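# Show me how the following folds:
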Amino acid sequence: MKKVTLYTDGACRGNPGRGGYGAILVYGKHEKEISGGEPVTTNNRMELLAAIVGLSALKEPCEVDLYSDSRYLVNAFLEGWLADWKKTGYRRGKRDEVKNADLWEELDRLTTRHTVHFYWVKGHNGHDYNERCDILATTFADSFPEEKTEVTETETPQ
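Next up, the predicted model:
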């Protein structure tokens, strides 16, 4: 089984707002950068999409060391949150649906195809690949036009 390292990051301009994700796959001397985003999204969705897109780019099952600065992503696996959510039908408590269940389901599917080891890294702390993923994510988020809100004046009844 090939051993691959995957670095990921998500970004959002506003939350919700313009979002982007970045992923870098490293296999030996080969590196592949991937980025994308959505015009209206959340930071957590972008963090999850970075991992999903990175794992989806692998053409065969691999052993993957995945590094992210998102505790939301990493702790879902390391702390067993995802396993608990699956047991409850992606619900927290009796009523509250787990946010981003669609992405968690896809990520769960991908992590059963690959052997994935999750590692948390402190963001914006000089880690070269994390910094590069942040640039990929923010650049894509910034590629969407900024939404402008119009202020309209209304008459005050007298």
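# C-alpha only now, for contacts and for neighbours.
OK.
# Need the residue closest to the centroid of this structure.
E47 (1.6 Å; C-alpha atoms, centre = their mean).
# Name the helix or strand for it, please.
Under the criterion of DSSP states H and E, E47 resides in helix 43-56.
# and if you look at L25?
Assigned by DSSP H and E, L25 falls in strand 17-27.
# Neighbours of F77, how many?
F77 has 18 neighbours, counted by other C-alpha atoms under 10 Å.
# hmm, I was thinking of V121
V121, neighbours per other C-alpha under 10 Å, totals 16.
# can you list the residues that contact stretch 17-37?
3-13, 38-43, 46-47, 49-51, 53-54, 129, 133-142, 144, 146 (C-alpha atoms under 8 Å, 6 or more residues apart in numbering).
# Please pick the buried ones from those residues.
4-13, 38-43, 46-47, 49-51, 53-54, 129, 133-142, 144 (16 or more other C-alpha atoms under 10 Å).
# so of those, which ones are in helices?
Residues of the buried ones among the contacts of stretch 17-37 located in helices (DSSP state H): 43, 46-47, 49-51, 53-54, 129, 133-142.
# neighbouring strands for the strand holding L25, and are they parallel or not?
Using DSSP bridges, the strands paired with strand 17-27 are strand 2-14 (antiparallel), strand 30-41 (antiparallel).
# quick one: low-confidence ranges for this protein?
148-158 (pLDDT under 70).
# quick one: the strand holding L25 to helix 43-56, angle?
30 degrees (axes from the mean of the first three to the mean of the last three C-alpha atoms, to 10 degrees).
# and strand 17-27, how far from the chain's centre?
Relative to its chain's centre, strand 17-27 lies at 8 Å (C-alpha atoms, centre = their mean, to the nearest Å).
# Which of the residues in that strand are classified as buried?
G17, R18, G19, G20, Y21, G22, A23, I24, L25, V26.
# do stretch 58-76 as well
61-71, 73-74, 76.
# again with stretch 72-92
Buried, per 16+ other C-alpha under 10 Å, within stretch 72-92: L73, V74, A76, F77, L82, W85, Y90, R91.
# So what touches it?
Counting by C-alpha under 8 Å, 6+ apart, N44, E47, L48, S68, E97, V98, A101, W104, D108, F118, Y119, W120 sit against stretch 72-92.
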